[in-house]
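Undergrad: no sequence on this one, just coordinates:
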């Protein structure tokens, strides 16, 4: 499965002790985490809720937390296993807590943009060649409902975002967080390697990397073929979300060995991110439609929006199948 | 633009007088029309509203009415122009009146089938791997709304269909219809050709056929590129509907010359039929959503349904672009 350009890089590290490859990677990520934390504290004046600087710092924190957690998972056998399991759990809690605020913000932006595209201009534009009265009425009806649906989504997702922001601030002030920060600070200077990490990388480091790749390939091969999928059944998104997580683990494991992210999976990874975003946006539209006492026009616009986002889910799957670089593993249409 | 296999057939008829090619075609279609009319009368006992036999007979009547009307339009210069214009107007009235009942019936079937596919089974099936509580709630909510939306559409479209059925029966009993039937009966024995129809087919018959093809190619080349299209703007469907009519005219003109329909455009024609059906089904869903005092869940399901049918519109356009046999004329994605 490895390509020639990877062979070269791997040959260079093959004879190093595994700890000499994994250790510096973890230390670098721990350093990034601590820098993100410092930045976050500098931008987190109490009056400064959710500024651009805080967002970026939180993003950097999440990025390194994911990479450390992923490596602790993939290379657990080369590390102090108890320590690795515990830190991984705590990092997952932290990055999950920090991700939520960002997720609500991007979900709202995505839904409002889609509503805007769906309802278009309410005035018949120069590009619309023939507009019968029925058609104008339809556009206008969607326009009114779309405006109300947008306001409803804005209210609901802004509230959720504010709550997530408070939860993130509370988490960052908690003793649980300080314990994580201390553990990462220790990791930056000293990686708790197992005795097996003294063996050459070729013997003990490449195995876990290849297992991560195999898990990804297996998950992608097991994705349900499009014919069997009910387009509006969001429960069927789960194997795709799982593939997204496995692709991320594979990418991080690959980073440890190659030093840089493997560009060949960038397109497929992006498609799975879009898949997740569209799937969650569709759920948010459906949830908003369950708000009691909304007007039929609002519910109608939310139905259109839900279907539109489910269509985006399908489109992301197509892009994934097109950009997936391994030939035979995808059962596509 | 003509392909080699067409050249052969056309060479055989090239030296015949144009009237010797056009006349028998019109007489054959007139004969089919009269057979359809006889069948329709046999099946139209007063108690027998909308049976399978009547549907088939009405379909046969419409089919030959469209072909006669199309030929009167394309080959107007080879015929008594006043007679051709008048009969064409009357045939358009007749086939439009007969088509409406059938259109409402297929539209309802299409919408109910789509609703069924969208709402799926309300029980979580064996194929759904992970179903969170949110997901189950979404499916159930769509299920309730979908059932009510289906009942609403059934009520509205069945009423429209019944009205169209009465209008068709009334039309078939009218003196206006009897005049059309008499004109077609005359056509079956005697085609009012112009003096120019005595010239060889190669000189006066192929020109109109090629002009019909050119009009189609021009309309297809002028279809708006997908990037400029607002997906939910039904006014933008008009150039596609126009291309559908021109394709039909081209097909009938080609039939006159070749004797059989040209199979190479069958896929593209089918795609444009689907485009029209999905476009009209989407309009019907949007119209149903404007019914006063419907429940939000019903409106939501109608919104999902509308978006689904608009998605089918887009899909039909893709199929059209894929099956369109002339290389350069389509500005696709």
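TA: Structure received. All values derive from a computational prediction rather than experimental measurement.
Undergrad: Show the average pLDDT along the helix or strand hosting residue A:308.
TA: Under the criterion of DSSP states H and E, residue A:308 resides in helix A:296-323. In this model, helix A:296-323 carries a mean pLDDT of 95.
Undergrad: What count of nearby residues applies to residue A:22?
TA: For residue A:22, the neighbour count with other Cβ atoms under 10 Å in any protein chain shown is 25. In this view, the C-beta of every residue, glycine as well, is placed from N, C-alpha and C.
Undergrad: just checking, it touches residue A:72?
TA: No - checked against Cβ atoms under 8 Å, the pair residue A:22 and residue A:72 is beyond contact range at 10.1 Å.
Undergrad: and for these two, which residues touch both?
TA: Counting by Cβ atoms under 8 Å, 6 or more residues apart in numbering or on different chains, the contacts common to residue A:22 and residue A:72 are residue A:79.
Undergrad: Name the spans of chain A whose pLDDT lies under the cut-off.
TA: The model of chain A has pLDDT under 70 over residues A:1-11, A:45-50, A:120-141, A:328-333.
Undergrad: same thing but 80
TA: For chain A, the stretches with pLDDT under 80 are A:1-13, A:44-52, A:120-143, A:226-233, A:261-262, A:327-333.
Undergrad: who's in contact with residue A:320?
TA: Taking Cβ under 8 Å, 6+ apart as the test, what residue A:320 contacts is A:240, A:268, A:271, A:272, A:275.
Undergrad: let's see 7 Å
TA: Shown in contact with residue A:320 (Cβ atoms under 7 Å, 6 or more residues apart in numbering or on different chains): A:268, A:271, A:272, A:275.
Undergrad: Please give the number of neighbouring residues around the second one.
TA: In this case it means residue A:271. That count, for residue A:271 with other Cβ under 10 Å as the rule, works out to 23.
Undergrad: same thing with residue A:113?
TA: Other residues within reach of residue A:113, judged by other Cβ under 10 Å, total 11.
Undergrad: With residue A:310 instead?
TA: Neighbours of residue A:310 (other Cβ under 10 Å): 27.
Undergrad: So it is in contact with residue A:281, correct?
TA: No - counting by Cβ atoms under 7 Å, residue A:310 stays clear of residue A:281, with 9.5 Å between them.
Undergrad: which residues do those two both contact?
TA: With Cβ under 7 Å, 6+ apart as the test, residue A:310 and residue A:281 reach no residue in common.
Undergrad: State the helix or strand in which residue A:291 lies.
TA: Using DSSP H and E, residue A:291 sits in no helix or strand.
Undergrad: so which pair among the contacts of residue A:320 is furthest apart in space?
TA: Distance extremes for the contacts of residue A:320: the farthest pair is A:268 and A:275 at 10.4 Å, using Cβ to Cβ.
Undergrad: any idea whether the closest residue to residue A:76 other than its chain neighbours is helix, strand or coil?
TA: Leaving aside its sequence neighbours, residue A:76 sits nearest to residue A:84 (Cβ to Cβ, 6 or more residues apart in numbering or on different chains; 5.2 Å). Put simply, residue A:84 is helix when judged by DSSP: H, G, I helix; E, B strand; the rest coil.
Undergrad: Counting neighbours, what do you get for residue A:84?
TA: The number of residues packed near residue A:84 is 21, by other Cβ under 10 Å.
Undergrad: cool, and residue A:143?
TA: A total of 19 residues lie near residue A:143 under the criterion other Cβ under 10 Å.
Undergrad: Would you confirm that it contacts residue A:118?
TA: No - the criterion here is Cβ under 7 Å, and residue A:143 misses it with residue A:118 at 9.6 Å.
Undergrad: where do the contact lists of these two overlap?
TA: Here residue A:143 and residue A:118 have no joint contacts, going by Cβ under 7 Å, 6+ apart.
Undergrad: how does chain A divide into domains?
TA: For chain A, the TED database gives the domain ranges A:16-124+A:150-195, A:200-332.
Undergrad: List the buried residues for stretch A:197-217?
TA: A:197, A:200-201, A:204-206, A:208-209, A:212-213, A:215-217 (16 or more other Cβ atoms under 10 Å in any protein chain shown).
Undergrad: now the residues you listed in TSV, with distance to chain B and secondary structure?
TA: Below are these laid out as TSV (distance: Cβ to the nearest Cβ, whole Å; DSSP: H, G, I helix; E, B strand; the rest coil):
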residue	distance to chain B	secondary structure
A:197	36	helix
A:200	40	strand
A:201	36	helix
A:204	34	helix
A:205	33	coil
A:206	31	helix
A:208	26	helix
A:209	27	helix
A:212	22	helix
A:213	22	helix
A:215	16	helix
A:216	17	helix
A:217	19	helix
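Undergrad: Tell me the spacing between the residue nearest to residue A:199 when sequence neighbours are not counted and residue A:26.
TA: Spatial nearest neighbour of residue A:199, chain neighbours left out: residue A:18 (6.0 Å); criterion: Cβ to Cβ, 6+ apart. Going from residue A:18 to residue A:26 by Cβ to Cβ, to the nearest Å gives 12 Å.
Undergrad: With neighbour numbers in mind, choose between those two.
TA: Neighbours per residue (other Cβ under 10 Å) separate residue A:18 from residue A:26, with residue A:18 holding more: 27 against 23.
Undergrad: Next, the contact list for that one, please.
TA: With contact taken as Cβ under 7 Å, 6+ apart, residue A:18 is in contact with A:78, A:197, A:199, A:200, A:201, A:204, A:205.
Undergrad: Quick check: residue A:149 vs residue B:287, distance?
TA: For residue A:149, the distance to residue B:287 equals 19 Å [Cβ to Cβ].
Undergrad: Looking at these two, which is more packed in?
TA: For residue A:149 versus residue B:287, the count of surrounding residues by other Cβ under 10 Å is larger for residue A:149: 31 against 18.
Undergrad: ok, the residue in chain A that chain B sits nearest to - contacts?
TA: Chain B sits closest to residue A:303 of chain A, with a gap of 2.4 Å, by Cβ to the nearest Cβ. Contact analysis of residue A:303 by Cβ under 7 Å, 6+ apart lists A:289, B:299, B:300, B:301, B:302, B:303, B:304.
Undergrad: The same query, at a cut-off of 10 Å, please.
TA: Residue A:303 sits next to A:145, A:149, A:285-286, A:289, B:118, B:142, B:145, B:149, B:285, B:289, B:296-308 when contact means Cβ atoms under 10 Å, 6 or more residues apart in numbering or on different chains.
Undergrad: any idea where the strands of chain A begin and end?
TA: With strands called from DSSP state E, chain A shows none.
Undergrad: give me every residue that touches the one residue sitting closest to the centre of it.
TA: In chain A, the residue lying closest to the centroid (Cα atoms, centre = their mean) is residue A:273, at 5.5 Å. Listed by Cβ under 10 Å, 6+ apart, the contact set of residue A:273 reads A:244, A:247, A:248, A:316.
Undergrad: Recalculate using a threshold of 7 Å.
TA: residue A:244.
Undergrad: how close does it get to residue B:149?
TA: As judged by Cβ to Cβ, residue A:273 and residue B:149 stand 33 Å apart.
Undergrad: again, but for residue A:44
TA: Separation of residue A:44 from residue B:149 (Cβ to Cβ) stands at 49 Å.
Undergrad: Residue A:63 too?
TA: Computed as Cβ to Cβ, the residue A:63 to residue B:149 distance reads 45 Å.
Undergrad: Tell me the buried residues in stretch A:159-167?
TA: Across stretch A:159-167, burial judged by 16+ other Cβ under 10 Å covers A:160, A:161, A:164, A:165.
Undergrad: could these be laid out in a markdown table, adding distance to chain B?
TA: Output for these, formatted as a markdown table (distance: Cβ to the nearest Cβ, whole Å):
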| residue | distance to chain B |
| --- | --- |
| A:160 | 13 |
| A:161 | 18 |
| A:164 | 17 |
| A:165 | 22 |
